[in-house]
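>>> Take a look and give me a structure for this.
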Amino acid sequence: MKTDGKFTSTVKTNGSDAVLRVLDSLLADSGQKRLTGSQATVILDALASSNDPALVLRFPVVLSICARNGVSLNSHSLFSKYWESSPKKQNLEKLLLLTDELFDLEGVEAPQNLKKIVNPLKARYGTLLSSRMLSLSSGLSISIRSAQNTLRDYTARIKKAIPAQKPEGTGSERKPVVPEGSTELDASLARLFSPKQKDLVFKKLKNEAFTKTEREYYSRVVRKKLLSIANVRVNDIAVKLTQK
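Presented below is the predicted three-dimensional model:
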């Protein structure tokens, strides 16, 4: 596996201690420190191979950092060093699938290609969130609730670390993403979403806090509708048919 020289050799030489130092550095910097794709691959591989539950629990956090840094996952880089039945490969697969489920549940942004990688794994492993513990190789098991709480703690810190938007007119901040007073937009959304769902769409755009019930409903229903709308092929079909 091709990786970033010095970074890779340090991780391989010092094992979990080096990975922990790198993770602590990333987390202490509130997720603002840059992380490359090759570095992320090394860290994810090390976490999936670790016998330290405290390290493994941070696997979803690393993927969240990947998303914040615009890192696109590469299945070849992640899996090519393992044979098909390798326990370590299975660990990686399970942790990727669990992270995807947690991201959907918590409304956390996922790195590019995560869905593409985990979709084929669902038939093999089922829904991992339905279990209390996730069993990995070497007899290690991690608490799914603990993984969820670790991810929640990180995302909460990130939200607190983001500077509050300055008042409009300062010239130093972008204008709000949400178009206001758009009758056409409101009517278009009303054709696709119920009033409750439409409210959640705008609430998400404005980065307003969800209640637990809203977060779960958004992940279970609204986000899936948005993903369907964002699908390139669906969009192409819609454009083609409306032009006839």
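
>>> make it CA atoms for all contacts and neighbour counts henceforth
Fine.

>>> what's the helix or strand hosting Arg124 in contact with?
Arg124 is part of helix 122-125, with elements assigned from DSSP states H and E. For helix 122-125, the surrounding residues in contact (C-alpha atoms under 8 Å, 6 or more residues apart in numbering) are 94, 97.

>>> Just the buried residues of the helix or strand hosting Ala54, please?
Per DSSP H and E: Ala54 is located in helix 53-56. Buried residues in helix 53-56, counted by 16 or more other C-alpha atoms under 10 Å: 53, 55-56.

>>> what do you get for stretch 134-142?
Those would be 134, 136-137, 141-142, for stretch 134-142 by 16+ other C-alpha under 10 Å.

>>> Point out the least confident one among the residues you listed.
Checking pLDDT across the buried residues of stretch 134-142, the minimum falls on Ser137 at 85.

>>> Strands of this protein, residue ranges please.
133-135, 141-143 (DSSP state E).

>>> Let me know which of the ones you listed is the nearest to Leu44.
strand 141-143 (15.7 Å; C-alpha to C-alpha).

>>> Now for Phe59, how many residues are close by?
24 (other C-alpha atoms under 10 Å).

>>> Wait, it touches Val42, no?
No - contact criterion C-alpha atoms under 8 Å: Phe59 and Val42 do not qualify, at 11.8 Å.

>>> what do these two both touch?
With C-alpha under 8 Å, 6+ apart as the test, Phe59 and Val42 reach no residue in common.

>>> need the contact list for the most centrally placed residue in the chain.
Central residue of the chain (C-alpha atoms, centre = their mean): Ala110, 2.7 Å from the mean position. Applying C-alpha under 8 Å, 6+ apart, we find Ala110 in contact with 63-64, 67, 100, 103.

>>> And the residues you listed, which two are furthest apart?
Longest span within the contacts of Ala110, C-alpha to C-alpha: Ala67 and Asp100, 12.1 Å.

>>> Now do stretch 67-81, average pLDDT.
Computed over stretch 67-81, the average pLDDT equals 88.

>>> related to what we said a few turns ago, would you quantify the distance from the residue nearest to the centre of the chain to Lys198?
22 Å (C-alpha to C-alpha, to the nearest Å).

>>> got it, and Asn119?
27 Å.

>>> quick one: which of the two has more around it?
Lys198 (17 against 12).

>>> Ile237: neighbour count?
Neighbours around Ile237, by other C-alpha under 10 Å: 11.

>>> Kindly report the same for Ile229.
Going by other C-alpha under 10 Å, the residues that sit close to Ile229 add up to 14.

>>> Please apply the same query to the one 10 residues further on.
Val239 is surrounded by 11 other residues when neighbours are defined as other C-alpha under 10 Å.

>>> In terms of pLDDT, where does it sit?
So, for Val239, pLDDT stands at 71.

>>> which residues touch it?
Contacts of Val239 by C-alpha under 8 Å, 6+ apart: none found.

>>> Kindly recompute the last result at 10 Å.
Arg233 (C-alpha atoms under 10 Å, 6 or more residues apart in numbering).

>>> That one and Arg191, how far apart?
Taken as C-alpha to C-alpha, the span from Val239 to Arg191 is 16 Å.

>>> Same question for Lys203.
18 Å.

>>> and if you look at Ile117?
32 Å.

>>> These two - which one has more neighbours?
Set Ile117 next to Arg191 and count neighbours by other C-alpha under 10 Å: Ile117 wins out with 16 against 10.
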